[in-house]
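Undergrad: Structure for this input, please:
(4 chains)
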Protein chains: 2
Amino acid sequence: MTTQSQGLHTHVLDTLGLEISSGQCPPGSVLRTDELAQRFDVSRTVIREVIRVLESMHLVESRRRVGVTVRPTETWNVYDPQVIRWRLAGADRPRQLRSLTVLRSAIEPVAASLAARHATAEQCAELTERALGMVATSRGHQLEGYLEHDIAFHRIVLNASGNEMFARLGDVVAEVLAGRTHHQVMFEDPDPAAVTLHVRLAEAVREGDPEAAERITKEIAVGALHELDVLAP
Amino acid sequence: MTTQSQGLHTHVLDTLGLEISSGQCPPGSVLRTDELAQRFDVSRTVIREVIRVLESMHLVESRRRVGVTVRPTETWNVYDPQVIRWRLAGADRPRQLRSLTVLRSAIEPVAASLAARHATAEQCAELTERALGMVATSRGHQLEGYLEHDIAFHRIVLNASGNEMFARLGDVVAEVLAGRTHHQVMFEDPDPAAVTLHVRLAEAVREGDPEAAERITKEIAVGALHELDVLAP
DNA sequence: AACCCATTAGGTACGACTTATTCAAGAGGC
DNA sequence: GCCTCTTGAATAAGTCGTACCTAATGGGTT
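TA: Residues are numbered from 1 along each chain as shown, chains lettered A, B, ... in the order given. Here you go, the predicted structure:
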């Protein structure tokens, strides 16, 4: 999933990005373009393009006569989906999941409230459909199917909010949900209470009840945070 | 501010980024690397590096035999500070300011609540200092000084929340506040009510009262949204 | 309608040269 | 003798130009 074979550039970028965000190349460490070219057996051209991209993500800083320096964590573009993927694949995955879940708990209630005001009939229909899909896959170890509906559900809410910044968080939420399902130990079926809340949220949005939508989403978020507390150290 | 003279790469990137995000090169339009190299009078190497960066921001898509295509707005990395700056400098600045302000209204109350729990003594002190600075500069057309304190104030709250994702929104908030002060017509001194709210927020954080901090921040956000409704079409 | 080939524009490689930084050695002053 | 300032050599990124590879496209042939 992380490694694509569509070109040298992508491969080198992915490898380096992963190494940096996993702490393998700690902040302050220096990379040399020539060495990298040698190591990956590609031309300096490719390396330079990769470095420029990493630089645009504020992962590294390139200075003459000194080389490419890994920048401190605080400057990274942590909202870049690419960076998020790298970090979720790396070492401090738990910390990362927690940060993102807290972010969700701030955004999604407001987004749901807005969605209850602005959602189109079509969006309401698809939302209900996804909620029913979650119900249908909530028993009998159909975790992958459940995950798919869960992701789609939250994406619709974020899109229906009508706010571009919220909508673009769909990818982040997808990563978080996928991470939770795949990496946290999750032998059992999803919490029935959570499933019910999603159904109720779909109803609230359909009926145009912003307060209820916000309240219910907050409950979902609290559940997610609680789940994280229980499963993670 | 937008145009830096530190290298060809930066100049070309900035120009193209601005042209794309301002809609001058609408989604679907095609750029050719050779043409760009000619236009900016730089080598194709430089252009390619720029394209790669724009590609990592999902502003463009590069395909063989067809050229570099501008992608639809929905795919852009709108959380990239660079993209935000370009868009705020461009055409639909009002829409952008509104989106970002709504985002703020979702994030900052939660961040303030967390800050009330986690803020260090030092952070509390600096927060109070900044609030007093806002009071001091709130009269007599000292808009620039007020802006500086305002930005610092909100940055401290976001940092003190202890959540990395919130902290990294400091730059976004700074852009929004700066945009409001500089571009919206703002002859008059800031709203006294807003100033008072900031002072009260500093108190709430210092006294470790999350509920009050959240409530007060919500009031600030409502004020900001209202101000936007009044001043913008 | 299916296939093939010429064309096109990005992808990669290599080598030469330029420029900003750094570091250290040497000149000068205290 | 020690410290500071200057100068210059070394270094690694920045830029350029060219040559060639590769994949996607569109048209022409069967």
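
Undergrad: now for the longest helix anywhere in chain A, which elements pack on it?
TA: Ordering each helix of chain A by length in residues (DSSP state H) puts helix A:93-118 first. Other elements packing on helix A:93-118 under the criterion 3 or more C-beta pairs under 8 Å, 6 or more residues apart in numbering or on different chains; DSSP states H and E are helix A:81-89, helix A:143-160, helix A:164-167, helix A:170-182, helix A:192-206, helix A:210-231, helix B:93-118, helix B:164-167. The way it works is simple: take the backbone N, C-alpha and C, and place the C-beta from them, glycine included.

Undergrad: Within range of chain B, give me the residues from chain A.
TA: Contacts of chain A with chain B, taken as C-beta under 8 Å from any C-beta of the partner chain, map to A:9, A:45, A:48-50, A:52-53, A:55-57, A:73-74, A:76-82, A:99-100, A:102-103, A:105-107, A:109-111, A:114, A:163-168.

Undergrad: Dump the helix or strand where A:Leu16 lies to PDB, keeping only the CA atoms.
TA: Per DSSP states H and E: A:Leu16 is located in helix A:8-21. The C-alpha trace of helix A:8-21 is given here as PDB (Å, rounded to 0.1, in the frame of the first residue of the first chain):
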ATOM      1  CA  LEU A   8      11.900   5.700  -9.500                       C
ATOM      2  CA  HIS A   9      10.800   9.000  -8.000                       C
ATOM      3  CA  THR A  10       7.900   7.600  -6.100                       C
ATOM      4  CA  HIS A  11      10.000   4.700  -4.700                       C
ATOM      5  CA  VAL A  12      12.800   6.900  -3.500                       C
ATOM      6  CA  LEU A  13      10.400   9.500  -2.000                       C
ATOM      7  CA  ASP A  14       8.500   6.900  -0.200                       C
ATOM      8  CA  THR A  15      11.500   5.200   1.200                       C
ATOM      9  CA  LEU A  16      13.100   8.400   2.400                       C
ATOM     10  CA  GLY A  17       9.900   9.800   3.700                       C
ATOM     11  CA  LEU A  18       9.300   6.700   5.800                       C
ATOM     12  CA  GLU A  19      12.900   6.700   7.100                       C
ATOM     13  CA  ILE A  20      12.600  10.300   8.200                       C
ATOM     14  CA  SER A  21       9.200  10.300   9.700                       C
END
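
Undergrad: contacts for whichever helix or strand comes after it?
TA: Downstream of helix A:8-21, the next assigned helix or strand under DSSP H and E is strand A:30-31. Applying C-beta atoms under 8 Å, 6 or more residues apart in numbering or on different chains, the contact partners of strand A:30-31 are A:Leu16, A:Cys25, A:Ile51, A:Val60, A:Val66, A:Gly67, A:Val68, A:Thr69, A:Val70.

Undergrad: so after strand A:30-31, what's the next helix or strand?
TA: Moving toward the C-terminus from strand A:30-31, the next helix or strand (DSSP H and E) is helix A:33-40.

Undergrad: which other helices and strands contact that next one?
TA: Short answer (3+ C-beta pairs under 8 Å, 6+ apart): helix A:33-40 packs on helix A:8-21, helix A:44-56.

Undergrad: Tell me how far the longest helix of chain A lies from the chain's centre.
TA: Its chain's average C-alpha position is 11 Å from that of helix A:93-118, according to C-alpha atoms, centre = their mean, to the nearest Å.

Undergrad: Good, we can wrap up now.
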